[in-house]
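In: Everything below, folded, please.
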Amino acid sequence: MVEAALKISVLASGSSGNSLYIESEKKRLLVDAGLSGKKITSLLAEVGKNPADLDAILVTHEHRDHIHGVGVLARKYGLDIYANEGTWQAMEGMLGKIDVAQKHIFEMGKVLTFGDMDVESFGVSHDAAAPQFYRFHKDGKSFVMLTDTGYCSDHVRGIIRDADAYLVESNHDLEMLRMGPYPWSLKQRILGDRGHLSNEDGALVMTDIIGDNTKRIYLGHLSKENNMKELAHLTMKNVLKEHDLGVDYNFKIYDTDPDQASELFAL
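Out: Prediction:
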């Protein structure tokens with residue numbers, strides 16, 4: 001039996017907190033830890049994993065829903081933390097005391113190798129200091145994370161095209177956001193180029209980057225106030241069908257949850 005190149009679980013995804021687990025044969029990584037250390041420990045346990053076995057935490061940007069538990073987990077388990085310089089400067093005071101030996105720079109636009117896994121970083125358009133997301137590569141398989149961005153440039157589309165699986169942002173339904181309770185200034189921020197992709201925007205990005213290798217699309221970072229799982233799922237499905245893409249037979253669409261880990265899946 002062939003060993004899977006990568007195994008992945010979206011531990012939590014939503015406006016209240018985000019974390020993802022990814023492992024290869026030799027390395028176990030957490031990307032973001034936007035919930036309490038206790039909650040992330042219980043989410044890892046849902047997929048049979050233990051924070052003591054992690055090698056490192058990769059950080060995308062300094063917003064609280066991505067770093068809330070980073071400092072606690074790093075101190076408790078002696079984990080290395082990787083982020084770019086701008087993100088380090090923005091989040092350092094929010095993490096508590098971290099040993100200098102655990103602090104590492106992951107430059108935007110660079111590839112770092114973790115054991116047998118290559119991780120490629122790319123910048124996105126979000127109202128954070130220097131937000132970046134990641135494409136993970138091993139044995140010809142790859143997984144892409146793309147959330148927390150107001151738009152997706154041609155440059156980024158080139159970097160993330162034809163991955164085996166994606167976690168893509170479906171943050172809000174436009175009508176729900178427009179009619180919802182948020183103050184106008186916050187609505188403008190979300191709708192802007194440095195905000196979040198709507199259900200439709202996320203789906204349109206996917207129409208451009210899906211390739212023959214693509215088998216799984218996970219819908220991420222749904223707003224609790226301005227979206228519903230069913231709406232996000234239906235929008236993605238309908239837009240991809242309109243573009244004659246093989247929904248449900250070439251690839252499948254999966255929901256994520258802010259409080260429950262997705263099943264550990266293999267690439």
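
In: Could you check how far Thr214 is from Gly150?
Out: Thr214 is 23 Å from Gly150, where distance means Cβ to Cβ, to the nearest Å. Using the backbone N, CA and C atoms, a C-beta is placed for each residue, glycine as well.

In: hmm, I was thinking of Ser223
Out: Distance from Ser223 to Gly150, by Cβ to Cβ: 14 Å.

In: next one: Lys103
Out: 29 Å.

In: And those two? Which one has more around it.
Out: Higher neighbour count among Lys103 and Gly150: Gly150, with 21 against 15, using other Cβ atoms under 10 Å.

In: Which of the helices or strands spans Ala5?
Out: Per DSSP states H and E: Ala5 is located in neither a helix nor a strand.

In: Can you point out the buried residues in the helix or strand hosting Gly158?
Out: Using DSSP H and E, Gly158 sits in helix 154-160. Buried residues in helix 154-160, defined by neighbour count with 16 or more other Cβ atoms under 10 Å: 156, 159-160.

In: Who are the packing partners of the next helix or strand after it?
Out: Next along the chain after helix 154-160, taking DSSP H and E as the criterion, comes strand 165-169. Identification of packing neighbours for strand 165-169 by 3 or more Cβ pairs under 8 Å, 6 or more residues apart in numbering; DSSP states H and E yields strand 141-146, helix 199-209, strand 216-220.

In: Sheet-wise, list the partners of strand 165-169 with their directions.
Out: strand 141-146 (parallel), strand 216-220 (parallel) (DSSP bridges).

In: Export the shortest one to CSV, keeping only CA atoms.
Out: Spelled out, that is strand 216-220. Presented in CSV, the C-alpha positions along strand 216-220 are these (Å, rounded to 0.1, in the frame of the first residue of the first chain):
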residue,chain,number,x,y,z
ARG,A,216,-11.4,18.4,-3.1
ILE,A,217,-12.6,21.9,-2.4
TYR,A,218,-13.1,22.9,1.3
LEU,A,219,-15.1,26.1,1.9
GLY,A,220,-13.5,28.1,4.7
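
In: next one: that strand to chain centre, how far?
Out: Relative to its parent chain, strand 216-220 has a centroid offset of 10 Å by Cα atoms, centre = their mean, to the nearest Å.

In: Could you tell me the angle between the direction of it and that of helix 199-209?
Out: 150 degrees (axes from the mean of the first three to the mean of the last three Cα atoms, to 10 degrees).

In: for the helix or strand just after strand 216-220, which positions count as buried?
Out: Note on strand 216-220: by DSSP H and E, the next helix or strand toward the C-terminus is helix 229-242. In terms of neighbour count (16+ other Cβ under 10 Å), helix 229-242 has its buried residues at 231-233, 235-237, 239-240.
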